[in-house]
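**Q** take a look and give me a structure for this.
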Amino acid sequence: MASSAENTSKGIVAIAADHAGFELKSALEEEIRALGYEVLDLGTNSSESVDYPDFGHRLARALTDGAADRGVLVCGSGIGISIAANRHPGVRAAVCHDTVSARLSRLHNDANALALGSRLIGVEVAKDCVRTFLTTEFEGGRHARRVAKIDDGS
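**A** Numbering: from 1, shown residues only. Below is the predicted model:
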């Protein structure tokens with residue numbers, strides 16, 4: 001029997017980080033759950049050195065396989081892990097540094113993964129970005145045509 005928490009979930013958010021993003025990932029998991037989402041933790045699970053592409057690819061596969069609705073990626077800058085994730089068709093990972101970029105990544109780009117740099121932003125700003133990213137809907141309209149061009153490579 002499903003628990004009431006499962007019945008009220010807003011969806012599944014995958015989260016993945018390398019060693020530089022491990023601490024921030026842990027803080028963001030709590031924030032995501034507090035917003036009513038289930039969390040699919042794809043690692044890493046310590047600050048021991050790992051390769052960020054491995055975790056970017058894991059999260060991208062979770063999105064493309066339908067295991068998660070959206071994703072949050074964390075590495076030192078947010079850049080490397082987002083590049084790895086964006087190698088997968090249908091993944092639109094946006095590196096964001098503030099709530100404006102997080103909001104616009106959803107409104108205009110229909111980003112399905114938020115990438116954050118643990119060495120560039122603090123915990124509270126990162127939480128604000130996650131809240132904004134998860135509560136902002138895609139605007140569609142003229143932006144839908146542009147997103148389609150990203151996805152089909154034209």
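
**Q** for residue 79, which non-adjacent residue is closest in space?
**A** residue 95 (5.8 Å; CB to CB, 6 or more residues apart in numbering). Just so you know, the C-beta spots here come from the backbone N, C-alpha and C atoms, and that holds for glycine as well.

**Q** so what's that neighbour up against?
**A** 77-79, 82, 101, 115-117 (CB atoms under 8 Å, 6 or more residues apart in numbering).

**Q** nearest to residue 27, of those?
**A** In terms of CB to CB, no member of the contacts of residue 95 lies closer to residue 27 than residue 116, at 10.8 Å.

**Q** okay, residue 31 and residue 139: tell me how far apart.
**A** Using CB to CB, to the nearest Å, we find residue 31 at a distance of 24 Å from residue 139.

**Q** those two: who's more crowded?
**A** Using other CB atoms under 10 Å as the criterion, residue 31 and residue 139 rank with residue 31 on top: 19 against 14.

**Q** OK, contacts around that one?
**A** Contact partners of residue 31, counting by CB under 8 Å, 6+ apart, are 127, 130-131.

**Q** make it 6 Å
**A** 127, 130 (CB atoms under 6 Å, 6 or more residues apart in numbering).

**Q** so it: helix, strand or coil?
**A** Using DSSP: H, G, I helix; E, B strand; the rest coil, the structure places residue 31 in helix.

**Q** residues near the closest residue to residue 58 other than its chain neighbours, how many?
**A** Counting by CB to CB, 6+ apart, residue 42 is the residue found nearest to residue 58 once chain neighbours are left out, at 4.5 Å. Residue 42 has 23 neighbouring residues, counting by other CB under 10 Å.

**Q** isn't residue 42 right next to residue 16, touching?
**A** Yes. Between residue 42 and residue 16 a contact is recorded at 4.0 Å, counting by CB atoms under 6 Å.

**Q** ok, the residue nearest the centre of the chain to residue 63 distance?
**A** Residue closest to the mean C-alpha point of the chain, counted by CA atoms, centre = their mean, is residue 72 at 2.2 Å. Going from residue 72 to residue 63 by CB to CB gives 11 Å.

**Q** count the residues that sit near residue 23.
**A** By the criterion of other CB under 10 Å, residue 23 has 14 neighbours.

**Q** who touches it in this structure?
**A** So residue 23 contacts nothing (CB under 6 Å, 6+ apart).
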